[in-house]
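Student: How does the following fold in three dimensions:
(2 chains)
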Amino acid sequence: MQIFINGEAKNIEGPVDLNSLLRKLGYSGETFAVALNGEFVPRVSYLRTEIHDGDTLDVVAPVVGG
Amino acid sequence: MNEQLSLYGKTFTSRLLVGTALYPSPAVMRQSVAASGAEIITLSLRRQSPDQQQGKILWDYIRESGCQLLPNTAGCKTPREAIALAEMSREIFQTDWLKLEVIGDDYNLQPDPYGLIEAARELVGRGFKVLPYCTDDLVVCRKLLDVGCEVLMPWGAPIGTGQGLLNRYNLQTLRERLADVPLIIDAGIGAPSQAAEAMEMGFDAVLLNTAIAKAQNPALMAQSFKLAVEAGRNACVAGLMVKRQTASPSTPTLDMPFWQQVDKVPQD
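Tutor: Residues are numbered from 1 along each chain as shown, chains lettered A, B, ... in the order given. Now for the predicted structure:
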């Protein structure tokens, strides 16, 4: 299936949950947060969040700001 | 008495809040934040790929700084975007403090008052301590207070312009009508004199970024703003004199030499 990660289209094998997907992508530690289809997904919900074809995933980390 | 700044139940000695962006290097940013004496710093979240490490490097500094973190929702144009980014900020930064931005115009980065109020209402309901970046409109500010904001951050001028306090009438009106509300002038301050002016007018604090970060010597400029904010605050507490149209001598006029009561000089 095709999903969009940080604005870029990517083909991944499904079914997959958010926790597994983030690991496969290489995200680790606690300095990132996630929104799925524009909605925040708390860390505690990664395991039970299923990824579907066409989903958009945003993974953000701290940056400087004004 | 020059009381401490009190925001959402926390007290601060410094009345200068600074941003962490636009510095020539992370090292200069750290020096400048330290020189500013700021106890509250703003920062943000952006997309990041797993191989980038900037987020962790910044996070390490943030934890060491001991400052109150004030994550922003810069760039958000709808309440939905701002709410999602706010929730992500709370999870990462472990704070419910939020500089809420909902931008309504790309050209001058003017806050969208309708989106701002809607987002503020929702976020206050979710337990956030919302510090909204807003215009200097009295009615918008009142609505933000109505939905539960305890601190307001009206602009001095559009972000990054360095124009200073563009609408003194509106700002003075805000200060007088919302006398008990902590008001922080956020954005548009370009020079320490402008920060001092805001403090002299009775504003509780000043938040700025570009004027320090883009100075030739950011750390020295940060110190200059620190001193200006302190001077302005002290002047406000001390009580400024009332302006007058006509001159009034400051040196005593009584017993001025060379002066004669001409009409009482004996006539020959």
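
Student: Could you use CA atoms for every contact and neighbour count after this?
Tutor: Noted.

Student: Where do the helices of the stretch 51-200 of chain B begin and end?
Tutor: All helices of the stretch 51-200 of chain B, identified by DSSP state H, counting those that start in this stretch, fall at B:54-65, B:79-93, B:113-125, B:138-146, B:168-177, B:192-200.

Student: Which pLDDT value goes with B:Ala34?
Tutor: Note on B:Ala34: pLDDT of 96.

Student: Repeat that for B:Met256.
Tutor: pLDDT, B:Met256: 89.

Student: Same check on B:Asp51?
Tutor: In this model, B:Asp51 is scored at 81, pLDDT.

Student: what does A:Val64 give?
Tutor: What the model reports as pLDDT for A:Val64 is 94.

Student: in chain B, which residue is closest to the centre?
Tutor: B:Val206 (2.4 Å; Cα atoms, centre = their mean).

Student: ok, the closest residue to chain A within the stretch 101-250 of chain B - contacts?
Tutor: When scored by Cα to the nearest Cα, the stretch 101-250 of chain B has B:Asn209 as its residue closest to chain A, at 5.7 Å. Shown in contact with B:Asn209 (Cα atoms under 8 Å, 6 or more residues apart in numbering or on different chains): A:Gly66, B:Val18, B:Gly19, B:Thr20, B:Ala21, B:Leu22, B:Ala187.

Student: which other helices and strands contact the biggest helix by length in chain B?
Tutor: Of all the segments of type helix in chain B, defined by DSSP state H, the longest one is helix B:218-238. Contact partners of helix B:218-238 among helices and strands, from 3 or more Cα pairs under 8 Å, 6 or more residues apart in numbering or on different chains; DSSP states H and E: strand B:16-19, helix B:26-36, helix B:192-200, helix B:210-213.

Student: and if we set it to 7 Å?
Tutor: Where contact means 3 or more Cα pairs under 7 Å, 6 or more residues apart in numbering or on different chains; DSSP states H and E, helix B:218-238 is packed against helix B:26-36, helix B:192-200, helix B:210-213.

Student: got the contact list for the residue nearest to the centre of chain B?
Tutor: B:Arg15, B:Leu16, B:Leu17, B:Ile184, B:Ile185, B:Asp186, B:Ala195 (Cα atoms under 7 Å, 6 or more residues apart in numbering or on different chains).

Student: and the nearest residue to the first one once chain neighbours are set aside, what are its bridge partners?
Tutor: Spelled out, that is B:Arg15. Using Cα to Cα, 6 or more residues apart in numbering or on different chains and skipping the chain neighbours, the partner closest in space to B:Arg15 is B:Ala205 (4.5 Å). Taking DSSP bridges, one obtains B:Ile184 as the residues bridged to B:Ala205.

Student: pLDDT at B:Ala205, what is it?
Tutor: 98.

Student: Please apply the same query to B:Glu3.
Tutor: Listed pLDDT for B:Glu3 reads 85.
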